[in-house]
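Undergrad: The following comprises the amino acid sequence and a computationally predicted model.
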Amino acid sequence: MYKKIIIALIFIFSIFGNNSFANPIKFGNENPVFRQKKQKKFILNNAPVLTATGNQIYCPQTQMKIVTDFNIVDDDPGIDAIYIQISSGYVSSQDVLLLTGNHPNITTSWNQTTGKLTLTGVFGQPTYPQIIAAVKDIVFQNNSANPQAGTKTFSITVGQANYLPSNGHYYQYISNVGITWSNAKTAAENSTYYGLQGYLATITAADEAQLSGEQAAGAGWIGGSDEVTEGVWRWMTGPEIGMVFWNGGINGSTPNFANWNNGEPNNANNEDYAHITAPGVGISGSWNDLSNTGEANGDYQPKGYIVEYGGMPGDPVLSISTSTTITIPVINPVATYAVCNAVSINMSATATAGTINWYDIQTGGNVLASGNNFITPTLTTTTTYYIDAFPIGCTTGIRTPITVNVNQTPSVTAPSSTSTCEETSVTLTAIATSGTIRWYNSLTSTTPLFTGSSFTTPTLNQSTTYYIEANNNNCISTPRNSVSITINPKPATIADSEIAICEGTSTTLTAGISGLDYEWTTGETTQSISVSTQGQFSVEMTNGFNCSSTQNFSVNVKARPIISDVIITGNTATILTNSGDFEFSIDGNNFQSSNIFQLQNGGIYTAYVKDRDFCGNDDFPFAYITYPAFFSPNNDGTNDFWTIKGMSFYPNPEVTIFDRYGKVIAFINKQNPIWDGTYNGRKLTADDYWFVAKVSETLPEHKGHFSLIR
């Protein structure tokens, strides 16, 4: 019967040629059923079966054996090496595995990067009893006085691949500088490990990411890609093939798990393939995206790939690995309690492992209680208790403090009532023996209006009441103190007044309400005052409630009108005065608001101005002289002479006439008021002539020209 089986297997091996079934190797691509002996004959043989016990709680700053029992069952007498790795919870700067005891045939090698301890023979292959004895003497040690809480998992395996107990998979880094992602995918799928089918690693959990990335021997390709749809990253290998693990770019999101480095995936050069980042670049063991070939050199040149074994259909069930754990308990206490006055409380805490012990001192002392709860005695002052969750026999470890703050219920001192004037606010002050004062608008309000000792109310127009309590760490004064505010009326508000007075006169300003106290801006305190200057004046009127209102007066002093000049432009006269609310006239009877008048005839005029509020008047005489633009001395009775109209009103008028060359032709005065167009009895020819008229010593000369027509 066995011969038939062997013949059939030899036939199968001849078909597979040079694969792992044809060439099983003890460490690496080993078949779980067959091994090749020196005689080149195939015989029935099983892979080793490893078992271990020893899930324990760790005492800080001690050495603890990683197993309480360990065994290997195999039909061979020994094995070349065995590998023990901290496969989860590893802290490379603190954790270490050591071989203790006397094992002369065993030597060890510790790899801090991978967290792996390798046991091999000093002289050739060690026997299983030697290996078993050595594994039982391997200890875990954490070098920190306050180690990071959590669980450390120790995988023990006969192969070099990293073993992850949480999913039963194996991870192996293969060095191959410059290999492309597609070639790495093919190479991984052509690999086996003790009969398990290989594939580019698919990483779906944090402990898997740490073991296959941060604790791997190198960095390289993994099985993720967005080559099908840009920005939709899927696992393209293994049992998770087709699973989406990332959507988007740098700021994308994951539906399950992803471990991108900072600023990744950035698709910098059409990068569609996932790669474990080179050591020293960003987050250790994290991912970046690369093109199929990556860079030619440097940190972004592919250096190899990660092969994962396990989970594929048809994979054999192996027991070539086993695991144990050491737990550093995570204690979840309430850090502090706050109670009021004297009270006993039921304190509680939980721990991920071990039994909680309660103490009243930080080190040493007696256990007050064991378990998740501890009922204190009556406490009158703040008290601190300490807890740990380490097993009996631990002599080191940091106890976690839990403090009970005993606070006194405060009392409040505040005025019970006060008053203020309408349309004002008031600042209320309260004092508490401890804690913080809170102000409310009712006895039952839960939301305070203000927190603090002094509260300034909004503007009030009616009487109201506020309520006060003090809170000292949730110890609250009761009942709430009340402060009643009475609102008193102000004197009635009087409209502002505008008053005009004439220059040189005075007026009386009178506060509009009698029987009050008065204070003027001038310092006077009577109801009425007399003022003669321009300005703003106000009086504050105060009633018996000491409430005040203000009346304002605006006094405008009107200046007496003064005419400074009358400007004649053509037949237009413009009366110039100082500023004011004036009316104007040139006959003394008909006044208008405009200072401009049209003159019809030459002569002596008087300009008049008066203030509308009868604050004075003024007058100003002026002359308006006119002359014809031409004359025609032909004795027809029309325009036979040239003269200046209105000059007869002046006592000594003088007019000099010139020809175009500046020669004096004639003089006109009060005795000889006209010119007939002759010079020395001779008629002058038709032409333009010029004149200069000085009609008064007080008026300026007037110049012009006219035409003589024949």
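TA: Here it is on my side, so go on.
Undergrad: Quick check, central residue of this protein?
TA: residue 251 (19.1 Å; Cα atoms, centre = their mean).
Undergrad: what about residue 538, how many neighbours?
TA: Residue 538 is flanked by 16 other residues according to other Cβ atoms under 10 Å. (Glycine included, C-beta is placed from N, CA and C.)
Undergrad: Tell me if it really is in a strand.
TA: Yes: counting by DSSP: H, G, I helix; E, B strand; the rest coil, one finds residue 538 located in a strand.
Undergrad: just to revisit the earlier point, may I have the phi/psi pair for the residue nearest to the centre of the chain?
TA: phi -100, psi 30 (degrees, to the nearest 10).
Undergrad: Check the gap between it and residue 281 for me.
TA: Distance of residue 251 to residue 281, given as Cβ to Cβ, to the nearest Å: 20 Å.
Undergrad: Do a quick rundown of the strands in the stretch 601-710 of the chain.
TA: For the stretch 601-710 of the chain, applying DSSP state E, counting those that start in this stretch gives strands covering 603-611, 617-624, 630-631, 654-658, 664-669, 678-679, 682-683, 687-694, 702-708.
Undergrad: Check which element follows the strand of greatest length in the chain along the chain.
TA: Taking DSSP state E as the criterion, the chain has its longest strand at strand 548-558. Remark: after strand 548-558, the chain's next helix or strand is strand 563-569, criterion DSSP states H and E.
Undergrad: relative to strand 617-624, how tilted is the helix or strand just after that following strand?
TA: Heading C-terminal from strand 563-569, the first helix or strand you meet, by DSSP H and E, is strand 572-577. When axes from the mean of the first three to the mean of the last three Cα atoms, to 10 degrees is applied, the directions of strand 572-577 and strand 617-624 differ by 150 degrees.
Undergrad: how much distance is there from strand 572-577 to the middle of the chain?
TA: Here the centre of strand 572-577 is set off from its chain's centre by 70 Å, with Cα atoms, centre = their mean, to the nearest Å.
Undergrad: Span of stretch 457-472 from start to end?
TA: 24 Å (Cα to Cα, to the nearest Å).
Undergrad: sorry, that was for stretch 387-400
TA: Where stretch 387-400 begins and where it ends lie 5 Å apart, using Cα to Cα.
Undergrad: what's the average pLDDT for it?
TA: In this model, stretch 387-400 has an average pLDDT of 77.
Undergrad: Please apply the same query to stretch 446-463.
TA: On average, stretch 446-463 scores 96.
Undergrad: Do you know the pLDDT at the closest residue to residue 319 other than its chain neighbours?
TA: Excluding the flanking residues, the one nearest residue 319 by Cβ to Cβ, 6 or more residues apart in numbering is residue 49, at 4.2 Å. Residue 49 carries a pLDDT value of 94.
Undergrad: can you count the residues close to residue 49?
TA: Using other Cβ under 10 Å: residue 49 sits among 14 other residues.
Undergrad: quick one: buried residues of stretch 199-207?
TA: 199-204, 207 (16 or more other Cβ atoms under 10 Å).
Undergrad: about what we covered before: so can I have TSV of the strands of the stretch 601-710 of the chain showing mean neighbour count?
TA: Compiled in TSV, those are given as follows (neighbours: other Cβ atoms under 10 Å):
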stretch	mean neighbour count
strand 603-611	19
strand 617-624	17
strand 630-631	18
strand 654-658	18
strand 664-669	16
strand 678-679	13
strand 682-683	10
strand 687-694	16
strand 702-708	15
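Undergrad: Of the ones you listed, which is nearest residue 521?
TA: Within these, the stretch nearest residue 521 is strand 603-611; the backing value is 27.9 Å (Cβ to Cβ).
Undergrad: What strands flank that closest one, and is each parallel or antiparallel?
TA: Paired strands of strand 603-611, with direction, are strand 582-585 (antiparallel), strand 617-624 (antiparallel) (DSSP bridges).
Undergrad: who's in contact with the first one?
TA: Defining contact as Cβ atoms under 8 Å, 6 or more residues apart in numbering, one finds that strand 582-585 is touched by 561, 575, 591-595, 597, 607-612.
Undergrad: Please state the offset of it from the chain centre?
TA: A distance of 69 Å separates the centroid of the chain from that of strand 582-585, by Cα atoms, centre = their mean.
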